[in-house]
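**Q** kindly return the folded structure for what I paste below:
(2 chains)
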Amino acid sequence: MSTDVRQITWMRDFVRALSVAQAQHRNILLDFTAAPM
Amino acid sequence: MYADPKVASFIDQGFIPVRVHVREQADAFKQLGARYSVQWTPAVLIVDEGGEERYRLEGFLPANDFLAQLKLGLGRAAFARSDFDEAERLFRDILDAHPDTEAAPEALYWAGVAKYKATGDAAALAGTYQEFQTRYKDTSWATKASVWGK
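**A** Residues are numbered from 1 along each chain as shown, chains lettered A, B, ... in the order given. Predicted structure coming up:
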């Protein structure tokens, strides 16, 4: 059975994420949460 | 959170996703929370590659509304970098895919502005005013666009 459910791979290091965003010309989705991880 | 496959897929394809837990990553939250003045969760920020915040969502939204708001944020980010064609495309996509969300009338407004910015043709604003006569007439965005019909 195929599935289109995709897990999000969250990055934890914002500075590194910013470098990736610059290299790929993408925006960052910065999610602040207090929910159980 | 983000168990909906459409939301997860959209985030995965459209963004570099970064999650900060306010307690479990207290140091990161102290730093980033102060940088972006985050005082309530959930707070989801769209941050461009220069580190500038372009859009913010606070509080829970159902999947369809959340997806529409993410597209609105991407549209505003495209608008901010003067990519008006891409911005209009994103705003129009909200009207096609999420017409019953609160984001839709706002998207219609900004689609008109993006088209005007791209073309310099005031007919884009007049056309948007006309579109507001047929849908989303009782929204604040229709009121904001009402000056374009004069």
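**Q** can you show me the strands along chain B?
**A** Ranges of strands in chain B, per DSSP state E, are B:15-21, B:43-47, B:53-58.
**Q** swap that for chain A, sorry
**A** Secondary structure of chain A by DSSP E: the strands cover A:27-33.
**Q** from A:Asp31, how far out is the most centrally placed residue in it?
**A** In chain A, the residue lying closest to the centroid (CA atoms, centre = their mean) is A:Trp10, at 3.9 Å. For A:Trp10, the distance to A:Asp31 (CB to CB, to the nearest Å) stands at 8 Å. C-betas here are computed from N, CA, C, even on glycine.
**Q** got any residues that touch both of these two?
**A** Shared contacts of A:Trp10 and A:Asp31 (CB atoms under 8 Å, 6 or more residues apart in numbering or on different chains): B:17-19.
**Q** quick check: residues of chain A near chain B?
**A** Within chain A, the positions lying close to chain B (CB under 8 Å from any CB of the partner chain) are A:3-14, A:17-18, A:20-22, A:24-35, A:37.
**Q** mind pulling the model confidence for residue 7?
**A** By default, I'm working from chain A. Here, the pLDDT recorded for A:Gln7 equals 66.
**Q** not quite, I wanted chain B
**A** 93.
**Q** skipping its backbone neighbours, what lies nearest B:Glu52 in space?
**A** Nearest residue to B:Glu52 in three dimensions, chain neighbours excluded: B:Ala80, at 7.6 Å (CB to CB, 6 or more residues apart in numbering or on different chains).
**Q** I figured the one you found hits B:Arg54, correct?
**A** Yes: contact status for B:Ala80 versus B:Arg54: in contact at 5.5 Å, counting by CB atoms under 8 Å.
**Q** can you give me the helices in chain A?
**A** Assigned by DSSP state H, the helices in chain A fall at A:14-24.
**Q** which regions of chain A sit below the pLDDT cut-off?
**A** Counting by pLDDT under 70, chain A contains low-confidence residues at A:1-7.
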